[in-house]
Every structure is written in structure tokens, then in C-alpha cells.
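[1] just need the structure, nothing else, for what follows:
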Amino acid sequence: MYNPLLDTFIAAVDCGSFTKAAEALYISPTAVMKQMNALESHLDLQLIDRSPSGIRLTAAGAVIYRDAKAMIDLSRKSVASAKAALHAQDTIFCVGTSLLNPAKPFMDLWYRINGDFPSYKLHLVPFEDDHEGILSEIEKLGVKFDFLIGVCDSKEWLSRCNFLPLGRYRKMIAVSREHRLAEKDSINIEDLYGETLMMVQRGDSGTNDFIRNDLEKNHPAIRIEDTPPFYDLSVFSRCAESGKVLLTIECWQDVHPGLVSIPVNWEYRIPYGLLYSLDAPEDVRRCVRAIEAAAASPQ
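    Coordinates of the predicted model:
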């Protein structure tokens, strides 16, 4: 592209001397002089007349000076266009990530399959775990992001997206750090007798409805309090402030600094997996198939 010695030439002309140009370029006057000599030698033209009082453009130098800035600007635009063309064929998968639905499980699988997608790059798209707005985020699959990964057996969620199960998370309980159970490494279900257990309201989650039915039938000494159908940080904060017990899952152990998560000797688990658009394009579906195969095979 353009000869970078033109930058020194322009600086010398604009400053009126090699010494002032050297100060502007943070190099020595000798270096400026050597670069100017090199440029004139390269062009086989005398561009500047030197005198004790300063420098002056020759007729040839005036022509080069006139066109040099345009040449530099055109060169920079050309390089930028070339770089854009280089990445024009790169394709991006956008992956949603939030506090309760972090992208890490997807990333772990991606690095096992990305050799099958050499021209694809990942772009993480943050979103908020707002229980009032989460359904609108799910509806943006295929628009705002290609994939989400998280806990899902919600009827409302599953009516809005495809779901590839990848595993099941253990159900646990979370309590404030001052709670009587906070120091325990694990508990029995009977340890919850007399406590108020916060959990999502009935009707949307088959797993949580099963747990509620089992507790109400077999462990009526545990009081149950409804939360919104989808958790957000406000639910965890309410647990921490109220002294009640929250039904949670193992991957949310670090969501709230004021809570401690404790495993319970029960078999309750809930599915998690990959969410993608109902009308996902073929490259997304191909990625889903690759992730399904990777998840099914040992590492």
C-alpha cells in the first residue's frame, strides 16, 4: 500500500522543519532526515529544498504533498475493505447468556464440535433474568440469539422453542447464611419440617408440580409458598431476607452471595438443555445434531 515515509514527509511540510516534525513524531531529527532522504531516493525526486531557515517544497514536492493525504486515506479505506471482505464469509452463532442461564455448558460442548464449523464464530448475547420478561426473550430465539442453554421443563418455554435435553440437575435448597440449616453439608427431607419452602407456582412445570404433589401428600409439615413461575434475582433476594427456604438447583449455587445451597437426600431432578428456534435454519439444526452426538459420546 502507500509508503509510510509519506507520513514523515507530510509532518515535515506541515511543521516547517525537521526538528519540529521530529517532536511531533516522537523521533529524532536525524531519523526524520534519513526518512526524507530515503523517500526522495525511492521516488527519484527532490521533494524539499533544505536551508538554515527551514524547508521548502519543490515543484515536484508540492504535487506529492497535494496527493499524499488522499493516497493515505484511500489506502486505509482499501485495507479496511479488504479486512471486511476477509471476514465476510465468517458466520456467527449468537448464544444467549444470563445469571441463571449461563452459556458455559454450551461453550464446553462447542469446543468439542467447532472443528465441524471452521468458518463459524460465537458471539455471546447477555440478557436479563426478569420473570416478567423472560418469555419475550425466549421468543427472540432465531432473532436475538440462535441458542440458549438452561433448565427447561416449562410449558410456556417449550411452546415457544425447540429443546434438546442434555442432562438433569439435582434439586437442592437454598437458605440464608444465618439459617439453622446453613452449616449442614446435606440434609434429609425431614429437616425441612416446620419450614416454609418457596417454589414456583403450580401449573407450568411438570417437575415442580410432581415435587409439590409429593411434598403435600407425604410431607405436609413443610409449608409451601408460591414464587413467580420463573425465578429471577429478586426471588433469591426474597429468600435471603425472609429466612425461608428456596427450592433451587445445583448450578445456581453461586447466584446470590447471601445464600447457601444444600443438597437434600431426595431424588428430585430437572432437565436442562439447548433451546433453539422453532423454525431454526439448517446450520443451527446441524449444530444441534453435532451437539447431541457430542453429548452422547464420552469425551
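[2] alpha carbons only for contacts and neighbour counts from here, please
    Will do.
[3] who is Leu274 paired with across the strands?
    With DSSP bridges as the criterion, Leu274 is bridged to Ile149, Leu164.
[4] who touches it in this structure?
    Phe106, Phe147, Leu148, Ile149, Gly150, Phe163, Leu164, Pro165, Leu166 (C-alpha atoms under 8 Å, 6 or more residues apart in numbering).
[5] count the residues that sit near the spatially closest residue to the last one that is not a sequence neighbour.
    Ranked by C-alpha to C-alpha, 6 or more residues apart in numbering and with sequence neighbours excluded, the top spatial neighbour of Leu166 is Gly273, at 4.6 Å. Look at Gly273: counted by other C-alpha atoms under 10 Å, it has 19 neighbours.
[6] so where is the stretch 51-200 of the chain shaky, pLDDT-wise?
    By pLDDT under 70, the low-scoring segments of the stretch 51-200 of the chain are 79-90.
[7] would you map the helices across it?
    59-87, 104-113, 134-138, 155-158 (DSSP state H, counting those that start in this stretch).
[8] of these, flag the one that's most buried.
    Stretch with highest mean neighbour count among those: helix 134-138 (a mean of 17; mean count of other C-alpha atoms under 10 Å).
[9] I'd guessed Val200 sits against Val235; true?
    No - at 9.9 Å, Val200 does not count as touching Val235 under the criterion of C-alpha atoms under 8 Å.
[10] of those two, who's got more company?
    More neighbours surround Val200 than the other of Val200 and Val235, with 21 against 17 (other C-alpha under 10 Å).
[11] what bridges to that one?
    Thr227.
[12] try Leu247
    Here Leu247 sits in beta bridges with Ile173, going by DSSP bridges.
[13] out of the helices of the stretch 51-200 of the chain, which comes closest to Asp283?
    helix 104-113 (13.2 Å; C-alpha to C-alpha).
[14] OK, contacts around the residue nearest to Leu166?
    Counted by C-alpha under 8 Å, 6+ apart, Gly273 has contacts Ile149, Gly150, Val151, Cys152, Phe163, Leu164, Pro165, Leu166, Gly167.
[15] can I get these in JSON lines including neighbour count and distance to Ser261?
    Output for those, formatted as JSON lines (neighbours: other C-alpha atoms under 10 Å; distance: C-alpha to C-alpha, whole Å):
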{"residue": "Ile149", "neighbour count": "26", "distance to Ser261": "21"}
{"residue": "Gly150", "neighbour count": "23", "distance to Ser261": "18"}
{"residue": "Val151", "neighbour count": "21", "distance to Ser261": "17"}
{"residue": "Cys152", "neighbour count": "21", "distance to Ser261": "20"}
{"residue": "Phe163", "neighbour count": "23", "distance to Ser261": "27"}
{"residue": "Leu164", "neighbour count": "17", "distance to Ser261": "27"}
{"residue": "Pro165", "neighbour count": "18", "distance to Ser261": "24"}
{"residue": "Leu166", "neighbour count": "17", "distance to Ser261": "23"}
{"residue": "Gly167", "neighbour count": "12", "distance to Ser261": "20"}
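[16] out of those, which is nearest to Thr196?
    Val151 (23.5 Å).
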